[in-house]
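In: Sequence first, predicted model second:
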Number of protein chains: 2
Amino acid sequence: MATITGFRITDIRFPTSRSLDGSDAMNKDPDYSAAYLILDTDSSLTGHGFSFTLGRGTELQCATIELLAPKVVGMKVEELKGALGAIARDLVSDSQIRWLGPEKGLTHMAVGAVLTALWDLVAKHERKPLWEVLADMSPEEIVALVDFRYIRDVLTPEEALEILKKAEPTKGERKAKLRAAGIPAYTTSPGWLGYTDEKMVRLAKEAVAEGFTLIKLKCGGSIEDDKRRLRLAREAVGPLVRLAIDANQVWSVDEAIAWLQELHGVDLYWIEEPTSPDDALGHATIAKAIAPIRVATGEHVQNRIIFKQMLQLGAFSFMQIDSTRVAGPNENIANILMAAKFGIPVCPHAGGVGLCELVQHLSMFDYVAVSGENDARVIEFVDHLHEHFVTPVEIKNGRYLAPTEPGAGGEMFPDSIKRFTFPHGEEWH
Amino acid sequence: MATITGFRITDIRFPTSRSLDGSDAMNKDPDYSAAYLILDTDSSLTGHGFSFTLGRGTELQCATIELLAPKVVGMKVEELKGALGAIARDLVSDSQIRWLGPEKGLTHMAVGAVLTALWDLVAKHERKPLWEVLADMSPEEIVALVDFRYIRDVLTPEEALEILKKAEPTKGERKAKLRAAGIPAYTTSPGWLGYTDEKMVRLAKEAVAEGFTLIKLKCGGSIEDDKRRLRLAREAVGPLVRLAIDANQVWSVDEAIAWLQELHGVDLYWIEEPTSPDDALGHATIAKAIAPIRVATGEHVQNRIIFKQMLQLGAFSFMQIDSTRVAGPNENIANILMAAKFGIPVCPHAGGVGLCELVQHLSMFDYVAVSGENDARVIEFVDHLHEHFVTPVEIKNGRYLAPTEPGAGGEMFPDSIKRFTFPHGEEWH
């Protein structure tokens, strides 16, 4: 029996602001960072999880994880899998810490880091990639992972079970297809707001050559810039590649509608984060006003309760779950199940540090065990910082290939951790 | 010219869990606490603000305030008042820290602590209580304090100005009435879930004798307990005193509706926090299903964007702003203005540590300068921990009397700070 004996937490920051990688209308100078957790055991197993952050404040995220991590020390790795539903519920329910959220922001993301590290242990213990661990669980086991508190008015455990049971008989076929062909990716790499037109056009052309069929540009700086960049991008990629734009919450509801009406006639696939991620009703208002342009959001949606309302209100056409914003794989399973009930495709947010590595597992679980075939399913891909991960994503012909190595995907190389530790790692001298 | 020269932050905790003061269905063992900020100046002025917390995690709230406080060092006290709108906007907009919210949880509450301390400096500099500083500002000055981002679809600056201008000619009359008679309070002191029936009944009778006309009981433990406690309370207070109950978010939407239907026939004034504070649509569903019982919520509502949706959806009959949950007086002014537009009375949450001392100023500002006369306006009162404050609330005949001393109300005695500092103060040995 392997037992969790302790933990190590590291503030890891990459100086990405130096090159304006990741720059958009709201996030002008991000230093992509991770509040990084390693759970140690008395065997050779280690569990790795993290919260993705943007630089300043990563020390707070680390301190928040440090407050929660002691709760899992002493747990037996072999017993984790059947207990993770209860553990997840317990981690969000601390009777004093809950006040600091509840279920949102720093405290909630810390729960996510701890749960991701626990799932990493489970997957490594079973010698499977996380997507396969999840996909191989029975419908009843999967339902037991979910906290239905606050969502049972739209999804009961019985309804969740029904969705999963419907998918079960054909899981094997989809597993085989996934292993053969992966899941489509889309790329944001060309579109950062800080890039020149020339760099954007060059990268967009490269992306098409690499097989991507959907490219996303940041927008919302100025309407003239947006129109010019979209025209140049369309010329670069041709008529068949989809173009999406991402406003990163710069607008109020009325401003979003006015701005997007200026872009009518441009062939747009979606507008992402047109306003505050807290505004479910506002997204619904925008979605109605700007159709046929479709709304996507989710990377800042704090928990299943906001997603629930967005689904109820018809606020978006694409649910963009994020692997470290909410309380780990468990809450994202709730999000995926709710989306399946409403027939909304889950198109995860990724990029940052290791978000691609983590979230692909959830999308693949969704494909195999929950919602099945869906032509609209696509995972964001940004070509940054993968070299620091022990099992980096594999992208081929614009598709995420199914991971084969054991684990949840978030393990970084010890040397990368050391070099980028803030503020004393050598990259920060 | 006085200048802010530095700051001190203290983790202050009161061991209230020892007596089950403050116990409810969600918060079983709170140690009422404050992440406490003092802004020092090069004059004798000091500015005091804090975030209210429940014990564990207060060190995180302190660390978050520590990350933001340096932004105000060097500011001139005399120049603050005209700049506080811009300062508030700047504090929530740090391009890296914003990722950790945005505008919610630890980071947002930290902004609130900093702004409260700044307002304390402004009020002390003007030698007025905060309510009067705010009430004496012109409509244009007040509008300049508000961040309309994400709320302008329901309240434009022009509409806010109109509301304030309408109230302006009669401000003087209401000021005089406020000074003469104060604002009604209600009390939660009798109703904690950990109290015996005998203690609850005794305290309820005492509250009526002291002039309170609304008493609130915690509920949601078991339906039988709730029925018994409500029956005993009604017998104790007689037919004319209003009874409200508070579920502290224990239910999902469907559970709330079923539970409250069991309580039909009991003469209830409101049900507070029936479900997740994030669920604007869920509150609206509950409100429709349980009428004529009315819904109240707000102490956990993270920001103006959730309040906005609750107003749009008709989710509650009473808006319960909290003085340290959101980004300080500025954001609460936004909340108060939105409520005024919708004709919803603002009935603040208080209790905890110093929440009564702080929030009364906002309610009095609301009365004098925004929404004017409203029979439903009532401020929560809990008789805990006031002895630690330099200007404690004055309650007479069940009413909050208007503060006359300069400041925002949150200054604690140095000796209290020292004794209850966690973990090294003498009260924690």
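Out: Perfect, thanks for sending it.

In: In contact with residue A:275, which residues?
Out: A:247, A:249, A:251, A:252, A:253, A:256, A:282, A:283, A:286, B:150 (CB atoms under 8 Å, 6 or more residues apart in numbering or on different chains). (Each C-beta comes from the backbone N, C-alpha and C, glycine too.)

In: so where's chain A uncertain?
Out: Scanning chain A with the threshold set as pLDDT under 70 gives A:20-22.

In: In it, which residue sits closest to chain B?
Out: In chain A, the residue found nearest to chain B is residue A:105; the distance is 2.5 Å by CB to the nearest CB.

In: Pretty sure residue A:325 is one of the things that residue touches, is it not?
Out: No: in this structure residue A:105 lies outside contact range of residue A:325 using CB atoms under 8 Å: 9.7 Å.

In: Report how many residues lie close to the residue of chain A closest to chain B.
Out: Number of residues near residue A:105 (other CB atoms under 10 Å in any protein chain shown) recorded here: 28.

In: and the closest residue to residue A:254 other than its chain neighbours, what element?
Out: Among residues not flanking residue A:254 along the chain, residue B:153 sits closest, at 5.0 Å (CB to CB, 6 or more residues apart in numbering or on different chains). Per DSSP states H and E: residue B:153 is located in neither a helix nor a strand.

In: repeat for residue A:310
Out: With DSSP H and E as the test, residue A:310 turns up in helix A:304-313.

In: What are the boundaries of the strands in the stretch 101-250 of chain A?
Out: A:183-191, A:214-218, A:242-246 (DSSP state E, counting those that start in this stretch).

In: picking that back up, who touches the residue nearest to residue A:254 in this structure?
Out: A:252, A:253, A:254, A:282, A:285, B:308.

In: now swap in residue A:83 and tell me
Out: residue A:75.

In: Check for me that it belongs to a helix.
Out: Yes: counting by DSSP: H, G, I helix; E, B strand; the rest coil, one finds residue A:83 located in a helix.

In: looking at the strands of the stretch 101-250 of chain A, which is closest to residue A:360?
Out: strand A:183-191 (7.3 Å; CB to CB).

In: just the angle between that closest one and strand A:214-218, please?
Out: 30 degrees (axes from the mean of the first three to the mean of the last three CA atoms, to 10 degrees).

In: and the angle from strand A:183-191 to strand A:242-246?
Out: 60 degrees.

In: how much distance is there from strand A:183-191 to the middle of the chain?
Out: Computed by CA atoms, centre = their mean, to the nearest Å, the separation of strand A:183-191 from the middle of its chain amounts to 14 Å.

In: Residues in contact with that strand: which ones?
Out: So strand A:183-191 is contacted by A:199-204, A:206-207, A:212-218, A:233, A:242, A:244, A:246, A:347, A:351, A:360, A:363-364, A:367, A:377-384, A:395, A:398-400, A:402 (CB under 8 Å, 6+ apart).

In: go with 7 Å
Out: With contacts defined as CB atoms under 7 Å, 6 or more residues apart in numbering or on different chains, strand A:183-191 is touched by A:200, A:203-204, A:207, A:212, A:214-218, A:351, A:363-364, A:367, A:377-383, A:395, A:398-400.

In: isn't residue A:234 right next to residue A:245, touching?
Out: No: in this structure residue A:234 lies outside contact range of residue A:245 using CB atoms under 7 Å: 11.8 Å.

In: higher neighbour count, the two?
Out: Neighbour count, other CB under 10 Å: between residue A:234 and residue A:245, residue A:245 has more, with 26 against 16.

In: OK, contacts around the closest residue to the more buried one other than its chain neighbours?
Out: Setting aside the residues directly before and after it, residue A:245 is nearest to residue A:219 in space (CB to CB, 6+ apart), at 4.1 Å. The contact partners of residue A:219, by CB under 7 Å, 6+ apart, come to A:226, A:245, A:246, A:247.

In: ok, back up a step: quickly note the distance from the residue of chain A closest to chain B to residue B:102.
Out: Counting by CB to CB, to the nearest Å, the gap from residue A:105 to residue B:102 is 9 Å.

In: Next: residue A:285.
Out: To residue B:102, residue A:285 is 20 Å away according to CB to CB.

In: ok, the two, which is more surrounded?
Out: Under the criterion of other CB under 10 Å, the comparison of residue A:285 against residue B:102 puts residue B:102 first, with 23 against 20.

In: Spell out which parts of the stretch 301-429 of chain A neighbour chain B.
Out: Neighbours of chain B within the stretch 301-429 of chain A, by CB under 7 Å from any CB of the partner chain: A:302, A:303, A:305, A:306, A:309, A:312, A:313.

In: What about those residues, which one has the most neighbours?
Out: residue A:306 (28 neighbours).

In: tell me which parts of the stretch 101-250 of chain A are close to chain B?
Out: The interface of the stretch 101-250 of chain A toward chain B, taken as CB under 7 Å from any CB, is made up of A:101, A:102, A:104, A:105, A:106, A:107, A:149, A:150, A:152, A:153.

In: The same query, at a cut-off of 10 Å, please.
Out: For the stretch 101-250 of chain A, the residues in contact with chain B (CB under 10 Å from any CB of the partner chain) are A:101-110, A:148-154, A:156, A:249-250.

In: Now which of those would you call buried?
Out: For those, a neighbour count by 16 or more other CB atoms under 10 Å in any protein chain shown gives the buried set as A:101-110, A:148-154, A:249-250.

In: In helices, which of the residues you listed appear?
Out: Counted as lying in helices by DSSP state H, out of those, are A:105, A:106, A:107, A:108, A:109, A:110.

In: where do the strands sit along the stretch 251-400 of chain A?
Out: A:270-272, A:294-297, A:318-319, A:379-381, A:395-396, A:399-400.

In: Can you add distance to residue A:141 and give the ones you listed back as TSV?
Out: Listed next are the strands of the stretch 251-400 of chain A as TSV, based on distance: least, CB to CB, whole Å:
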stretch	distance to residue A:141
strand A:270-272	34
strand A:294-297	30
strand A:318-319	23
strand A:379-381	25
strand A:395-396	31
strand A:399-400	25
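
In: Out of these, flag the one nearest residue B:115.
Out: strand A:294-297 (28.5 Å).

In: just checking, residue A:86 touches residue A:144?
Out: Yes: counting by CB atoms under 10 Å, residue A:86 does reach residue A:144; the two are 8.6 Å apart.

In: Out of these two, name the residue with the larger neighbour count.
Out: Ranked by neighbour count (other CB under 10 Å), residue A:86 and residue A:144 place residue A:144 first, with 16 against 12.

In: Export the strands of the stretch 251-400 of chain A as a markdown table, with columns for mean neighbour count.
Out: Below are the strands of the stretch 251-400 of chain A laid out as a markdown table (neighbours: other CB atoms under 10 Å in any protein chain shown):
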| stretch | mean neighbour count |
| --- | --- |
| strand A:270-272 | 25 |
| strand A:294-297 | 24 |
| strand A:318-319 | 23 |
| strand A:379-381 | 26 |
| strand A:395-396 | 16 |
| strand A:399-400 | 22 |
